[in-house]
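Undergrad: Sharing a sequence plus its predicted fold:
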Amino acid sequence: MAQKFRSLLDLCRRRGFLYQSAEIYGGLRGAYDYGPLGVELKKNILNSWWRHHVYYRDDVVALDTSILTPHSVLKASGHVDEFTDLLVDCTLTKERFRPDKAPALSTDKNGHIPITAPDKDTALAWAKSIKEQLAPNVKITVEGKRIVLYTTNICQPDKKGENGKIIFEMMDQHQKPLELLYHGYVEPNTNSPFLTDSRPFNLMFKTFLDPIDPIDRVIQTTIDHPNDSKSDIRERVDDALKPSTVYLRPETAQGVFVNFEQVVRTMKTKPPFGIAQVGKSFRNEIRLEHGIFRTPEFEQLELEYFVAPWEAKHYFKYWRKERYNWWLKHACHPENFRQRDHASDEMAHYATCCTDVEYLYPWGWGEVEGVAHRGDYDLTQHIKNTGANFEIAEETQPVSLDPVQESGEGDADLVPTQLPARYVPHVVESSCGLNRAMLAYLCDAFHQVEDGKGKPPRNVLKLDPRLAPIKCAIMPLTGKPEFNPLTQKVAKSLRRKGLFTVVESQKLKIGKRYYRHDEIGTPWCITVDYQSLEDETVTIRDRDTGNQERVHWKKVHQVVGDRLMEGEADDLLE
Ligand code: ATP
């Protein structure tokens, strides 16, 4: 599996899906640039989301709000104080990680703890640090890259949150055994149990909207109060910077909430209705991992759906089902997508219930989208802090909504018998990560086909045609000029329909050209050959079956257009 994933990453680099950002300068950790094909794939995923959530519905409008967000907005939403992850440092390897994503301790067959260093020299240096500082006199052995810590007992933490402990075997058996607290996780890369306590870490990127360099303000505050304690200085510096503090938004949602009243007024709408927003969000992640899976800068496709409080559970179930179906629509292997309901201690500070859509990546299940019932938390917070009028006047008696078949969350809504005059809407949010979606669909579509003759397998990206970067590749049989006029006519007819079409007139044999397009997921290759010059027909080759059919060139755009719309037509008829 690891080899297959490496082949996919190699394909992404080689064929222009994904590049390391600023590679010629050595790259920037966690930053990626999307190449000519990557940008198309990403755009096509976005477009599918947009069609299903904006164009195919009567009840959703869109917004595009600012990335720079004032301190006051994110203070009110709770992000300044609570948008944190827990952070742990490993005192042996100096790695930082999130304990909620870290694995449990693993032991060898004798119950001892193996630690794997990246190389022999590092293993020796780490063994020295264990002996001298972290666990003096504990029995350890070093063999190549592997250090083994001898233990006599390991007590697991209990479910009530009581810590466990590791009891080490000492070199001198008469010596009192050394004990180490065990919180139920270890440093993910090496299995090291030498960890600091966990502490909260705010994930937001802070910056300053001020013509005066904020560093000058920091220096001045420090000079003005030379005798203050570190914590007093910190407070003064925060105060001095607060007026100009802004954040790069950590989610697109807050821009939607603060504009709620404007949208209701200008679009003359009322719940149930949604506001869709697509754009970049930023999080100073403790650990960047798995390429574009977790990056500091990423794109979200978010829908905030506003409903009456007594309709919230209904719509949570509705969107939970709807969003999962959207993911399955584009999948070759639907069994690799699943829904996972959050436990109550896992939920974000604003959510009352939440379900993740997860994909089975090569390293295991990973979240691609969260569907959350945010209650009236956000709108109420902004009302409290600004006095904004986010209330809706109810004019009609509420009715019971049809049950959503898929169960996601407890009881049905309680429809009030007495009509409330006004209410603050509740919000059901779906928040999909575009970059994670791209990675999931690439993994899902990546197939390696053996020819049975001992040659290396060839790659085929069986992307849903709607997502494929290039829809059609037109291939004149040879480079002779006589093929040009018809080639151009077919290309133009497809381009006029908005289909991304390329002309492949390299000298490669036609079979090789087909394979090059299979590798990047092009669903249809259209060949202009000698027969085409006689009767104006061309062949359309299907990527997944290899079947070819001959049609008049004037029909190509219709055949391709119809196939492309097959999945969409089902959606529109549902
Ligand atoms: P995780 O637990 O993986 O950190 P999260 O629960 O914090 O994710 P949400 O706040 O629910 O994520 O964000 C919604 C979606 O945005 C996620 O499902 C994911 O697809 C995407 N996302 C969040 N953080 C990142 C990131 N650092 N890089 C890429 N995509 C991200």
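TA: Thanks, I have it.
Undergrad: What residues of the helix or strand containing residue 42 count as buried?
TA: Per DSSP states H and E, residue 42 falls inside helix 36-50. For helix 36-50, a neighbour-count test (16 or more other Cβ atoms under 10 Å) marks 37, 38, 40, 41, 42, 43, 44, 45, 46, 48, 49, 50 as buried. All C-beta spots, glycine's among them, are computed from the backbone N, C-alpha and C.
Undergrad: In TSV, list these along with pLDDT and distance to the ligand.
TA: Listed next are the buried residues of helix 36-50 as TSV, based on pLDDT from 0 to 100; distance: Cβ to the nearest ligand atom, whole Å:
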residue	pLDDT	distance to the ligand
37	98	20
38	98	15
40	98	20
41	98	16
42	98	12
43	98	17
44	98	17
45	98	12
46	98	13
48	97	16
49	98	12
50	97	17
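Undergrad: tell me which of these is nearest to residue 314?
TA: Closest approach to residue 314 among the buried residues of helix 36-50 (Cβ to Cβ): residue 49, at 22.4 Å.
Undergrad: if I pick the closest one, what's in contact with it?
TA: Going by Cβ atoms under 8 Å, 6 or more residues apart in numbering, residue 49 touches 278, 301, 326, 432.
Undergrad: got TSV for these, with distance to the ligand, secondary structure and pLDDT too?
TA: Converted to TSV, the contacts of residue 49 look like this (distance: Cβ to the nearest ligand atom, whole Å; DSSP: H, G, I helix; E, B strand; the rest coil; pLDDT from 0 to 100):
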residue	distance to the ligand	secondary structure	pLDDT
278	12	strand	98
301	9	strand	98
326	14	helix	96
432	6	strand	98
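Undergrad: so which of those residues would you say is closest to residue 158?
TA: Looking across the contacts of residue 49 and measuring by Cβ to Cβ, the closest to residue 158 is residue 432, at 36.9 Å.
Undergrad: ok, that closest one - contacts?
TA: Contact analysis of residue 432 by Cβ under 8 Å, 6+ apart lists 49, 300, 301, 302, 323, 357, 368, 369.
Undergrad: Quick check: the farthest pair among the buried residues of helix 36-50?
TA: Among the buried residues of helix 36-50, 37 and 50 lie farthest apart (Cβ to Cβ), at 20.0 Å.
Undergrad: sorry, back to before: who wins for neighbours among the contacts of residue 49?
TA: With neighbours taken as other Cβ atoms under 10 Å, the top of the contacts of residue 49 is residue 432, carrying 24 neighbours.
Undergrad: what bridges to that residue?
TA: residue 301, residue 369 (DSSP bridges).
Undergrad: Check the contacts of residue 49 and tell me the two furthest apart.
TA: By the measure Cβ to Cβ, 278 and 326 form the most distant pair in the contacts of residue 49, at 14.4 Å.
Undergrad: number of nearby residues for residue 33?
TA: Neighbour tally, residue 33, other Cβ under 10 Å: 13.
Undergrad: Get me the contact residues on this protein for the ligand.
TA: Applying Cβ under 6 Å from any ligand atom, one finds that the chain approaches the ligand through 283, 285, 294-295, 298, 300, 367-370, 431, 433, 435-436.
Undergrad: Just give me the least confident of those.
TA: Scanning these for pLDDT, the smallest score is found at residue 285, 92.
Undergrad: What strand or helix carries that one?
TA: Using DSSP H and E, residue 285 falls within no helix or strand.
Undergrad: need the contact list for it.
TA: Residue 285 makes contact with 30, 85, 203, 294, 295, 296, according to Cβ under 8 Å, 6+ apart.
Undergrad: Who are the contact partners of the fourth one?
TA: This means residue 294. Residues counted as contacts of residue 294 (Cβ under 8 Å, 6+ apart) are 30, 285, 287, 288.
Undergrad: With residue 467 instead?
TA: 41, 44, 45, 48, 330, 441, 521.
Undergrad: In JSON lines, list those along with distance to residue 168.
TA: Formatted as JSON lines, the contacts of residue 467 follow (distance: Cβ to Cβ, whole Å):
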{"residue": "41", "distance to residue 168": "51"}
{"residue": "44", "distance to residue 168": "55"}
{"residue": "45", "distance to residue 168": "51"}
{"residue": "48", "distance to residue 168": "55"}
{"residue": "330", "distance to residue 168": "51"}
{"residue": "441", "distance to residue 168": "47"}
{"residue": "521", "distance to residue 168": "54"}
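Undergrad: what helix or strand is the closest residue to the ligand within the stretch 201-350 of the chain on?
TA: Of all residues in the stretch 201-350 of the chain, the one sitting closest to the ligand is residue 298 (3.5 Å; Cβ to the nearest ligand atom). For residue 298, the element it lies in under DSSP H and E is strand 297-307.
Undergrad: now for that strand, which elements pack on it?
TA: Contacting strand 297-307 under the criterion 3 or more Cβ pairs under 8 Å, 6 or more residues apart in numbering; DSSP states H and E are the following elements: helix 36-50, helix 253-258, strand 273-282, helix 312-329, strand 426-433, helix 434-445.
Undergrad: Nearest to residue 225 among the ones you listed would be which one?
TA: Judged by Cβ to Cβ, the one of the helices and strands packed on strand 297-307 that comes nearest to residue 225 is strand 273-282, at 32.1 Å.
Undergrad: Could I get the buried residue list for the closest one?
TA: Buried, per 16+ other Cβ under 10 Å, within strand 273-282: 273, 274, 275, 276, 277, 278, 279, 281, 282.
Undergrad: and what of stretch 10-28?
TA: Residues of stretch 10-28 classed as buried: 11, 12, 15, 16, 17, 18, 21 (neighbour count, 16+ other Cβ under 10 Å).
Undergrad: And stretch 210-223, by the same measure?
TA: 214, 217, 221.
Undergrad: Tabulate the residues you listed (CSV), appending secondary structure, distance to residue 259 and pLDDT.
TA: Converted to CSV, these look like this (DSSP: H, G, I helix; E, B strand; the rest coil; distance: Cβ to Cβ, whole Å; pLDDT from 0 to 100):
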residue, secondary structure, distance to residue 259, pLDDT
214, helix, 28, 86
217, helix, 31, 85
221, helix, 35, 89
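Undergrad: With distance to residue 475 added, can I get these in CSV?
TA: Listed next are those as CSV, based on distance: Cβ to Cβ, whole Å:
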residue, distance to residue 475
214, 57
217, 63
221, 68
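Undergrad: between those, which is closest to residue 470?
TA: Lowest distance from residue 470 to the buried residues of stretch 210-223 (Cβ to Cβ) belongs to residue 214, with 46.3 Å.
Undergrad: Show me where this structure dips below the pLDDT cut-off.
TA: Residue ranges of the chain with pLDDT under 70: 1, 396-417, 419, 569-574.
Undergrad: swap the cut-off to 50 and go again
TA: The chain contains residues with pLDDT under 50 at 407-409.
Undergrad: and it, what are its domains?
TA: 60-83+250-442, 87-200, 205-247, 470-573 (automatic domain parsing).
Undergrad: Let me know how buried residue 558 is, in neighbour terms.
TA: Using other Cβ under 10 Å, residue 558 has 13 neighbouring residues.
Undergrad: related to what we said a few turns ago, okay, buried residues for the strand holding residue 298 please.
TA: 298, 299, 300, 301, 302, 303, 304, 305, 306, 307.
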